[in-house]
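Peer 1: give me a model of this one.
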Amino acid sequence: MNELIMAKYGEIALKGLNKGTFEDILLKNIRRRLRSLGKFQYMKKQSTIYIEPLEEVDLDEALRRLETVFGIGALQRAAVFEKDFEQIKTQGVPYLKEALENVRSFKVEAKRSDKAFAMKTPEIQNELGGAILEAYPHLSVDVHNPQVTVMCEIRDKGAYVSAMRITGAGGIPVGSSGKALLLLSGGIDSPVAGYMMAKRGLIVDGIHFVSPPYTSERALMKVESLCEKLTAYCGDIRFYCVPFTEIQEALRDNCPEEFFTIIMRRLMLEIANRIAQKNDYGALVTGESVGQVASQTLKAIQCTDAAARYPVFRPVIGMDKKEITQIARKIDTFDISTLPYEDCCTVFTPKHPKTRPDFDAVIKAEKSFDFEPLIKTAVENTTVKLFRVEGNKE
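Peer 2: Okay, here's the model as predicted:
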């Protein structure tokens with residue numbers, strides 16, 4: 001008896017003529033994620049990718065890795081049989097023992113994609129359900145709220161029996177929507193923003209600003225740890241680390257304190273613009289949420305947006321902190337984000353920041369000092385580090 005994993009499409013099942021492009025990207029992402037586990041054979045059929053091991057591999061580990069691959073709507077670990085109901089019954093029912101021996105209720109769902117199969121769907125469900133009740137007399141049938149749903153699918157290449165269905169990550173495959181640069185601060189919000197844009201198919205790389213000695217090595221390590229966590233969903237992440245100390249000191253010494261945060265964010269966007277242009281990114285991503293802090297009021301966002309030469313995506317813009325935190329816990333970044341190591345956004349924080357800054361006044365204050373040489377130096381001295389997704393060691 002052979003086992004395989006069925007990765008069923010999520011949203012890409014609804015795509016039209018370009019569905020094949022999404023399928024190919026999803027398959028490439030799956031291959032990368034599983035490469036280090038062993039050899040697999042892959043087949044695309046009927047909005048499903050069949051992942052069959054060609055040698056002994058850890059299928060539980062394979063499922064764990066695939067749970068975070070965007071584009072997959074559901075995962076099933078299934079046994080493969082000939083399209084013969086007697087074999088399905090005599091071998092499939094014992095295969096289900098582990099899933100059924102410690103529960104009290106079940107139901108059978110059947111799908112018959114191969115219409116040449118002699119039995120119709122209701123007949124398959126009734127006959128297989130009867131065989132399961134006979135083998136496991138402690139069970140009862142509950143068609144509305146079963147503890148376990150047994151799937152029996154009759155498809156072109158065989159019959160597939162499963163009692164394990166895992167909800168996938170959803171979304172569309174990373175790499176199907178272009179590249180974006182995430183302003184990764186080290187807080188709770190920006191990793192969530194990166195996760196959400198990767199779910200929409202973007203390759204998400206990170207840019208972070210450091211200001212030693214005002215920010216510590218531990219603060220940088222914290223952000224790098226966030227990158228490592230995000231690779232589970234985003235794939236490989238290229239991480240740009242920008243030296244920002246001289247720019248912040250110039251800001252402190254030459255600009256009105258109440259405009260410090262707004263001008264600082266504008267300068268960050270200017271540096272991100274140049275790195276994006278040099279490396280072919282199509283958008284910037286931030287973790288801003290309206291009204292959360294002084295620099296995220298509508299007027300303040302207008303001032304910072306004016307410095308961007310690329311679309312700025314803010315996927316958490318309308319979410320409250322509780323909603324953002326729930327996602328951060330789900331993707332396992334919350335505990336890292338709350339480590340007590342401050343990033344450069346907290347350096348020289350003004351006591352009374354402008355919540356409704358006047359744009360002309362901000363521009364006048366910014367132009368009171370020539371930041372261009374410092375910006376060029378920061379871009380030139382930016383370092384790059386690559387964080388690879390688990391399983392992809394090429």
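Peer 1: mind checking how far the residue lying farthest from the centre of the chain is from residue 159?
Peer 2: In terms of distance from the mean C-alpha position of the chain, residue 134 ranks first, at 43.3 Å (Cα atoms, centre = their mean). From residue 134 across to residue 159, the span is 20 Å (Cβ to Cβ, to the nearest Å). The C-beta positions use only the backbone N, C-alpha and C, and glycine is treated the same way.
Peer 1: kindly report the same for residue 195.
Peer 2: Counting by Cβ to Cβ, the gap from residue 195 to residue 159 is 37 Å.
Peer 1: cool, and residue 11?
Peer 2: According to Cβ to Cβ, residue 11 stands 28 Å off from residue 159.
Peer 1: looking at those two, which is more packed in?
Peer 2: residue 159 (24 against 17; other Cβ atoms under 10 Å).
Peer 1: in what helix or strand does the residue sitting nearest the centre point of the chain lie?
Peer 2: Nearest to the mean C-alpha position of the chain, counting by Cα atoms, centre = their mean, stands residue 233 at 3.3 Å. Element membership for residue 233 (DSSP states H and E) is helix 217-234.
Peer 1: got the contact list for that helix?
Peer 2: 68, 70, 169, 174, 184-186, 191, 194-195, 198-199, 203-204, 206, 208, 210, 237, 239, 241, 331-333, 336-337, 339, 341-343, 385, 387-390 (Cβ atoms under 8 Å, 6 or more residues apart in numbering).
Peer 1: likewise stretch 311-331?
Peer 2: Here stretch 311-331 makes contact (Cβ under 8 Å, 6+ apart) with 180, 188-189, 191-193, 195-197, 229-230, 232-233, 269, 282-290, 292, 305, 334, 337.
Peer 1: in that stretch, what's buried?
Peer 2: Within stretch 311-331, the residues that qualify as buried by neighbour count (16 or more other Cβ atoms under 10 Å) are 312, 313, 314, 315, 316, 317, 319, 324, 325, 327, 328, 331.
Peer 1: which two from those end up farthest apart in space?
Peer 2: Comparing every pair within the buried residues of stretch 311-331 by Cβ to Cβ identifies 312 and 325 as the most remote, at 22.7 Å.
Peer 1: in the stretch 101-250 of the chain, which spans are helices?
Peer 2: 121-135, 189-199, 217-234, 245-254 (DSSP state H, counting those that start in this stretch).
Peer 1: mind exporting the shortest one as PDB, just the C-alpha atoms?
Peer 2: Pointing back at helix 245-254 there. Extracted C-alpha coordinates of helix 245-254, given in PDB (Å, rounded to 0.1, in the frame of the first residue of the first chain):
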ATOM      1  CA  THR A 245      23.000  56.700  12.800                       C
ATOM      2  CA  GLU A 246      24.400  59.700  11.100                       C
ATOM      3  CA  ILE A 247      21.000  60.500   9.500                       C
ATOM      4  CA  GLN A 248      19.300  60.400  12.900                       C
ATOM      5  CA  GLU A 249      21.900  62.500  14.500                       C
ATOM      6  CA  ALA A 250      21.600  65.100  11.700                       C
ATOM      7  CA  LEU A 251      17.800  65.000  12.200                       C
ATOM      8  CA  ARG A 252      18.200  65.600  15.900                       C
ATOM      9  CA  ASP A 253      20.600  68.500  15.400                       C
ATOM     10  CA  ASN A 254      19.000  70.300  12.500                       C
END
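Peer 1: can you lay out the helices of the stretch 101-250 of the chain as CSV showing distance to residue 58 and mean pLDDT?
Peer 2: Below are the helices of the stretch 101-250 of the chain laid out as CSV (distance: least, Cβ to Cβ, whole Å; pLDDT from 0 to 100):
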stretch, distance to residue 58, mean pLDDT
helix 121-135, 28, 96
helix 189-199, 25, 97
helix 217-234, 17, 95
helix 245-254, 47, 94
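Peer 1: which of the ones you listed is buried the deepest?
Peer 2: Highest mean neighbour count of those: helix 189-199, a mean of 26 (counted as mean count of other Cβ atoms under 10 Å).
Peer 1: ok, and what's touching that one?
Peer 2: Contacts for helix 189-199 (Cβ under 8 Å, 6+ apart): 70, 169-172, 174, 180, 182-184, 204, 206, 226, 229-230, 233-235, 285-289, 292, 313-316, 324, 327-328, 331, 333, 337.
Peer 1: mind doing that once more with 6 Å?
Peer 2: 70, 171, 174, 180, 182, 184, 204, 226, 230, 233-234, 285, 287, 313, 315-316, 324, 327-328, 331, 333 (Cβ atoms under 6 Å, 6 or more residues apart in numbering).
Peer 1: among those residues, which ones are in strands?
Peer 2: If you go by DSSP state E, those have 180, 182, 204, 285, 313 in strands.
Peer 1: which two among those are spaced furthest apart?
Peer 2: 204 and 313 (9.9 Å).
Peer 1: pLDDT and distance to residue 249 added to the buried residues of stretch 311-331, as JSON lines?
Peer 2: Converted to JSON lines, the buried residues of stretch 311-331 look like this (pLDDT from 0 to 100; distance: Cβ to Cβ, whole Å):
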{"residue": "312", "pLDDT": "97", "distance to residue 249": "26"}
{"residue": "313", "pLDDT": "97", "distance to residue 249": "31"}
{"residue": "314", "pLDDT": "96", "distance to residue 249": "29"}
{"residue": "315", "pLDDT": "96", "distance to residue 249": "33"}
{"residue": "316", "pLDDT": "95", "distance to residue 249": "31"}
{"residue": "317", "pLDDT": "94", "distance to residue 249": "31"}
{"residue": "319", "pLDDT": "94", "distance to residue 249": "34"}
{"residue": "324", "pLDDT": "96", "distance to residue 249": "32"}
{"residue": "325", "pLDDT": "97", "distance to residue 249": "33"}
{"residue": "327", "pLDDT": "97", "distance to residue 249": "35"}
{"residue": "328", "pLDDT": "97", "distance to residue 249": "32"}
{"residue": "331", "pLDDT": "97", "distance to residue 249": "35"}
